[in-house]
Structures are given as structure tokens and as C-alpha cells.
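Undergrad: I need the structure of the sequence given here:
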Amino acid sequence: MLNIYDIKTFEVPTKLVSGVGSLKKLPELMLEQNINHPLVVTDQGIREAGLLQKVEELLNENNYNYYIYDKVKANPDVETVDKGYEEFSKNNCDGLIALGGGSSIDTAKGIGVLSKHGGSIIDYECGKKPLKKRITPLIAIPTTAGTGSEGTMWAVITDHDREVKYNVGGPLLAPQIALVDPKLHLSLPSNLTAGTGMDALCHAIECYTSHFAQPLTDSVALLAIEYAAKYLRRAVANGEDLEARYYMAEAATLAGISYGSESAGAVHAMTQTLGGIKPEIPHGEAVGALLGPVMLFNWMGEPEKFKRVATALGKNVRGLSTRDGALAAIDAVYELADDIGIPTLQELGVKEEDIPKLAEAAEKDPQTIGNPRDINCECYEEIYRYTFKLGE
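TA: Modelled structure (predicted):
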């Protein structure tokens, strides 16, 4: 465990521009970053939803010569990033616009790395080859309130050959600008709103209770928890609720910032490795299924903090013992997941015979280090089996 007297660092290398209608600031921000020929990184779903058209209209109105790379898929892989870099180079682009969820933003981050350093994105796995230059100017425009990738220093990349997801990261990877317009979230279906919202909530809870927590990360994490508790149900129930969309967008960005320069904990160790082995499983919904069970395992590592999480989640813990207050936080998460229809692991396609392999992979994930309670392969297997029982 880290000592409170250890020297810590906290960086926010990204300029945050947010608010209803803030997309209209895009041309001004491009000028600020000296972007003249951007590659727009997105996916087919964003195109079909009409969101890409909104960006294209702004670019056309301002006479920008741009190119579109819309081959992004969930859990972006090495090939997707490397091919995106080929398109960036072939078209002589000088900047990046990421439009979409975490997959589009992480893909753009990877392309930005290669545009400055060359090679393949697999070369930069977990700092194996360190970044020496800031990535090509990137404006990240999230269309979901989930990963918070617009404000993080990390990109998660899938290597199908090894069935793993790995991180590329550091302050030099962060987008230069995050442009957060909740109007772009209005078309998001309820199931994706639920899954991405639970991902944002999990980032905040894990980072608040992590060994790597510090006062600055605690402050943004707690506010993200409060926003998610108050507004996620509304956003799921009524996709046109702009107030709920606004605060969930803020929650996601704040939770992303709460990562700081470190990592989360066991939930993300489990779901990140799960996504590498079974990439068809949606990350956010897997997070939602596992968050409560992991909290039940973890609360003894930071009982006072878990009690404070209960308050942020809207529970009245006055008069409760630290233990009962901490358990109230877990109850609140179970209630939220149930209310917004988070599926079980079984419904997501995980099979009981998968558990030993998944537990072994989770133990090896670097985010295990930040977990507030000591955890090993046997513990991960215990959590998976408990989660399965809940789903029966």
C-alpha cells in the first residue's frame, strides 16, 4: 500500500471545453491547435446516427480539407490503429478529431502516437517503448458518457493474437482538447447509456478507493459519483433529458480525470482482460455486472471511504457503523444496476467454464496493483463465481 507521505503527481494535460452546444467551438479550437487537414476518427454507428454529419457541416462551412476514417470498432485493435495511421500519413493530415466513444478516442490517441513516433502501436504496450513526444494535435469529442477517454492519459488496445487488452499511456498521450457537448449524447440508446454510465461510475469509485488515490483525484471522483447517482437513471429512462445528459457527460469526464496518472482496480482488471478474451462483450455492461461484487470484496480495504461513497450515492448513513455504511454503498450500486437493466455475466455470454482463465488473466492485469484489498487469482475466481450465483 502507498503511504500518505509518498510524493504523488497529478497532471491535467487536456484543455476541457464543455457545455450544451459547445460543438460549434470546433473550428475555433482547430485554429488554436493549428489543425488544417484533420483525420476524423469515428465509427459506422456514429455516421448512421447523423453525428458525423454535424461535424462535417462545421468543417465544410469553414472550408476545411478533411478525411474520414470510420473503421473503428468496439475494443479497437492493433490493426485498426495501424491502418488509421496509414490513412493519416497517406492523406498528409496534420491533426486528429476523434468523434465517438472510448473506442474512437483511443484509436485516435494511438494514431497520434504513431504519427510522432512511427512503427506499430503494439511497440508502445505498457511503456515498452516510451513516448518521447506529445501526440499530434487531437480534439476528442465524446458521444457517450462513459470511458472519460477524452480526459485520460490512457488508450486501451486489443491484441487478438494474444487475447489481451493493453494500455498505452502517459501525459504525452492525452488529447490536447476535450470538447464535451451533451447534445451529441441524446441519440444514445438506453442500453448503451446504462453501460457507459456504469463505466463512468466505476472509474470514480475505483479511483477514489484505490491505493493511488490522492486529494485531487478524490475530489473529482466524489463529484462524479454524486452526478452518476443522481442522473444516470434519468438519462436511461429519457434519452432526451438534456440536463441528465449534461451531468452524466460531466461525470464521465471527471471520472476520467480521477484516474490521474495511475490506474483503477479489480473491476477494470477483470473487465479489461475479459474484453481481450471475449471482445464481443460490451465493456460497460460487464463493468456494471461486476462492480457490486468487487465492492463487496473490497470494502474492508478502505471502509471509511466506502462509507463516504454511500453518501455520494445518496444513502443516509447517519448513525450507521463504518461497516454498515460501507455495505450501504454496495446496496446502492446493486439497486442502480438493477434499475437500469444491467445484464448478468451469463446474459452477456460469459460461461462458468471460462472463470479459471478469466481469473488468471485478471491477476496479471496491471490494474490489480491499485486495488484497495489484496487480491490474487483465487480471489478473482471467487468474485466471478459469486457474480454467477447472483445471476442465477
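
Undergrad: so the spatially most central residue of the chain is in which element?
TA: Most central in the chain under CA atoms, centre = their mean is Thr147, positioned 2.0 Å from the mean C-alpha point. Here Thr147 sits in a region with no helix or strand, counting by DSSP states H and E.

Undergrad: with adjacent residues omitted, what lies nearest to it?
TA: Of all residues not flanking Thr147 in the chain, Gly102 sits nearest, at 3.0 Å (CB to CB, 6 or more residues apart in numbering). C-betas here are computed from N, CA, C, even on glycine.

Undergrad: ditto for Ala329
TA: Ala310 (3.8 Å).

Undergrad: how many other residues sit next to that neighbour?
TA: Each residue near Ala310 was counted by other CB atoms under 10 Å, and the total is 25.

Undergrad: could I get the helix or strand where it lies in CSV with only the CA atoms?
TA: Element membership for Ala310 (DSSP H and E) is helix 303-312. Only the C-alpha atoms of helix 303-312 are listed here, as CSV (Å, rounded to 0.1, in the frame of the first residue of the first chain):
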residue,chain,number,x,y,z
PRO,A,303,-14.1,1.0,4.9
GLU,A,304,-14.3,4.7,5.7
LYS,A,305,-14.0,5.6,2.1
PHE,A,306,-16.7,3.1,1.1
LYS,A,307,-19.0,4.7,3.7
ARG,A,308,-18.3,8.1,2.1
VAL,A,309,-19.2,6.5,-1.3
ALA,A,310,-22.6,5.5,0.1
THR,A,311,-23.3,9.2,0.9
ALA,A,312,-22.3,10.2,-2.6
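
Undergrad: average model confidence for that helix?
TA: When the per-residue pLDDT values of helix 303-312 are averaged, the result is 98.

Undergrad: list the contacts of that helix.
TA: Outside helix 303-312, the residues that touch it by CB atoms under 8 Å, 6 or more residues apart in numbering are 205, 208-209, 213, 222, 225-226, 229, 295, 298-299, 317, 320, 322-323, 325-326, 328-330, 332, 372.

Undergrad: mind redoing it with 6 Å?
TA: 205, 209, 222, 225-226, 299, 317, 322, 325-326, 328-329 (CB atoms under 6 Å, 6 or more residues apart in numbering).

Undergrad: in it, which residues are buried?
TA: If you call a residue buried by 16 or more other CB atoms under 10 Å, then helix 303-312 has these buried ones: 303, 305-312.

Undergrad: for the stretch 201-350 of the chain, which segments are assigned as helices?
TA: With DSSP state H, counting those that start in this stretch as the criterion, the stretch 201-350 of the chain has helices at 215-237, 242-258, 266-277, 283-298, 303-312, 322-339, 345-348.

Undergrad: which of these sits closest to Lys15?
TA: helix 242-258 (12.0 Å; CB to CB).

Undergrad: ok so, going back, the residue nearest to Ala329 and Asp218, how far apart?
TA: 15 Å (CB to CB, to the nearest Å).

Undergrad: returning to that earlier point: could the helices of the stretch 201-350 of the chain be laid out in TSV, adding distance to Lys73?
TA: What follows is those, written out as TSV (distance: least, CB to CB, whole Å):
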stretch	distance to Lys73
helix 215-237	24
helix 242-258	21
helix 266-277	12
helix 283-298	13
helix 303-312	34
helix 322-339	26
helix 345-348	18
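
Undergrad: how about Ser120, what does it touch?
TA: Applying CB under 6 Å, 6+ apart as the definition, the contact partners of Ser120 turn out to be Asp82.

Undergrad: so who does Tyr246 touch?
TA: Contacts of Tyr246 were listed using CB under 6 Å, 6+ apart, and they are Pro182.

Undergrad: one more: Thr143?
TA: If you count contacts by CB under 6 Å, 6+ apart, Thr143 has them with 51, 100, 184.

Undergrad: about what we covered before: how about the contacts of helix 303-312, which pair is most distant?
TA: For the contacts of helix 303-312, the maximum inter-member distance is 20.3 Å, found between Glu226 and Thr322 (CB to CB).

Undergrad: I appreciate the help and will end here.
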